[in-house]
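[1] okay, sequence plus prediction incoming.
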Amino acid sequence: MSTFLPSFRRRRPTIVNPRQAAKIPLEIEFLIIDYFEGDTIHLHSFRLVSPDWASYAGFLLFRSVCVRDSNVKRFLAVLQTRNNLGRHIITLIVQEARWPRDENRPSILDTLGPALSDKMGNLQALELSNRYFSRDGVQLATGWASISRLRVRFSGFATAKDMMSFFAAFPRLNSLDVSQCTSCDIPMQPLQCAIPVPAWHLNYLALAQCPQSTLVDWLVADPGEITVDHLRIVSFEADASPFNALLKKIGRGLRHLEVPPQCRVILGAEVPLSIHDCTALTTVNFFERGDLDHGPDIVSLLPQVRSPNLTTVSFEIYLTTAHLNDIRRWEQVNDVLAMDAFANLEKILVNMWGAPFASDMAVMSFDEGTSIMKSRLALLEARGLLQFTSPDVVPQITAVEYQSPHKPSMRNRISRKLAGWMRRR
């Protein structure tokens, strides 16, 4: 008996506190912290937990930075005092003061120029708005060469040459989004491509023809080749010739196309959009969220599709009687998409939005709009292709969920879990 008890004691398992034994890998913790990106209050509290959390939360806090006139000096001061802060910045958003402005006053973008290469070595995306480039006023920065995503809004250039010089300073772009950007001099003759277009291989390109097409003309006039995977035409005038020339150049490699309604003819002859050269399309999206009836655009463009790889056609429309009660238009769409040329279609998405701002048109509910569209597109509904979505629809609560009206959200549950882990550390 005396020999049994010691051996029994030796084989007895050691009792360990579960809180001490449970150790979550940092990779899992970082995935949870990712859920709070954009929540500055929680991210600041996470920085107090441990050095690892502090480093990762700091990366999320400063991954996207917006600089305006009101904070540019403070931002530069922080970059100078915190040498490791700039390396966290991936996206830089620059909001200039609305122009016209004092041309003798340096812009925010010019002020940040030296810091782009010295302090923000990991910068990948630049978003610029309300910037006016005066004649010969485009100051190139060495940090621009590493940027892969560029978005420019509501900006102006003194000359077309200034516009070309600016965009040519980004040779490594894979995403370009330009809208409401103009040059003050309107070329009266075909654009001479004095500045070559970089050899871009763009995953995404968004362009608008408003009020002129200098950038589109530049892309077309350059003899070099560019490739585009996804093209979004934000807007175009009654004369779609510039975009037709662009589609002829990039159409063979284009897989995703988004098309808006064409503007009405005010002066001059109408030249409709042509997509005959887009022979590799897999998705086509028609967005016509406007007050006017642009149905003929859809009916005329659909028969032009000659891509055997097309699997998805989507429509973005308003939940109004003007858009949904046009029986003739949707019957034509139904007949075209039921043809053998679209035999490889896998789904047809109908994204229905609420009424436009200050609209006096009758508005339908999402369920009513869905029912109407199913009857309009009966052949496609019979094939099981139709799918309906709406950003304004709140998912219905099931009976089980309704029994717990105070059920915490996912973010609250994660916050409580994190609070428990923080107390155990």
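    Looks like it came in fine. All figures in this text were calculated on a predicted structure; none of them were measured in a lab.

[2] low-confidence regions, the stretch 151-300 of the chain specifically.
    The stretch 151-300 of the chain contains residues with pLDDT under 70 at 185-193, 209-212, 262-269, 288-297.

[3] could you pull out the helices for it?
    Along the stretch 151-300 of the chain, the stretches classed as helices by DSSP state H, counting those that start in this stretch are 160-168, 214-221, 241-250, 295-301.

[4] now those helices in CSV, with mean neighbour count and distance to residue 151?
    Glycine gets a C-beta too; all of them are placed from N, C-alpha and C. Putting the helices of the stretch 151-300 of the chain into CSV (neighbours: other C-beta atoms under 10 Å; distance: least, C-beta to C-beta, whole Å) gives the following:
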stretch, mean neighbour count, distance to residue 151
helix 160-168, 21, 12
helix 214-221, 22, 13
helix 241-250, 20, 19
helix 295-301, 17, 26
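
[5] now those helices as JSON lines including distance to residue 123?
    Listed next are these as JSON lines, based on distance: least, C-beta to C-beta, whole Å:
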{"stretch": "helix 160-168", "distance to residue 123": "17"}
{"stretch": "helix 214-221", "distance to residue 123": "23"}
{"stretch": "helix 241-250", "distance to residue 123": "27"}
{"stretch": "helix 295-301", "distance to residue 123": "39"}
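
[6] looking at those helices, which is closest to residue 276?
    With C-beta to C-beta, the closest approach to residue 276 among these belongs to helix 241-250: 8.4 Å.

[7] which residues touch the closest one?
    Identification of contacts with helix 241-250 by C-beta atoms under 8 Å, 6 or more residues apart in numbering yields 207, 209, 213, 216-217, 219-220, 225-228, 231, 233, 236, 254, 271, 273-275, 277-278.

[8] now with 7 Å?
    For helix 241-250, contacts defined as C-beta atoms under 7 Å, 6 or more residues apart in numbering pick out 209, 213, 216-217, 219-220, 226-228, 233, 236, 271, 273-275, 277-278.

[9] looks to me like residue 128 is in a strand.
    Yes. Residue 128: assigned to a strand according to DSSP: H, G, I helix; E, B strand; the rest coil.

[10] tell me the contacts of it?
    If you count contacts by C-beta under 7 Å, 6+ apart, then residue 128 has 94, 109, 152, 155 around it.

[11] among these, which lie within strands?
    94, 152, 155 (DSSP state E).

[12] any idea how far residue 317 is from residue 131?
    34 Å (C-beta to C-beta, to the nearest Å).

[13] returning to what we had before: nearest to residue 380, of the helices of the stretch 151-300 of the chain?
    Closest among these, using C-beta to C-beta: helix 295-301, at 13.9 Å.

[14] after that closest one, next one along is what?
    strand 312-318 (DSSP states H and E).

[15] chain center to the helix or strand that that next one is followed by, what's the gap?
    Note on strand 312-318: by DSSP H and E, the next helix or strand toward the C-terminus is helix 321-324. Helix 321-324 sits 28 Å away from the centroid of its parent chain (C-alpha atoms, centre = their mean, to the nearest Å).

[16] then stretch 367-382?
    So, by C-alpha atoms, centre = their mean, the centroid of stretch 367-382 is 29 Å from its chain's centroid.

[17] okay, buried residues for that stretch please.
    The neighbour-count check on stretch 367-382 (16 or more other C-beta atoms under 10 Å) flags 369-370, 372-373, 376-377, 380 as buried.

[18] where's the dip in pLDDT among these?
    Sorting those by pLDDT puts residue 369 at the bottom of the list (86).

[19] gap between the strand or helix carrying that one and the chain center?
    In this assignment (DSSP H and E), residue 369 forms part of helix 366-376. Taking C-alpha atoms, centre = their mean, one finds helix 366-376 lying 29 Å from the centre of the chain it belongs to.

[20] got the CA coordinates for it in CSV?
    Presented in CSV, the C-alpha positions along helix 366-376 are these (Å, rounded to 0.1, in the frame of the first residue of the first chain):
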residue,chain,number,x,y,z
PHE,A,366,-38.9,46.4,-52.8
ASP,A,367,-41.3,43.5,-52.7
GLU,A,368,-43.7,45.2,-55.2
GLY,A,369,-40.9,46.1,-57.5
THR,A,370,-39.6,42.5,-57.4
SER,A,371,-43.0,41.1,-58.3
ILE,A,372,-43.3,43.5,-61.2
MET,A,373,-39.9,42.7,-62.6
LYS,A,374,-40.5,39.0,-62.3
SER,A,375,-43.6,39.4,-64.5
ARG,A,376,-41.8,41.6,-67.0
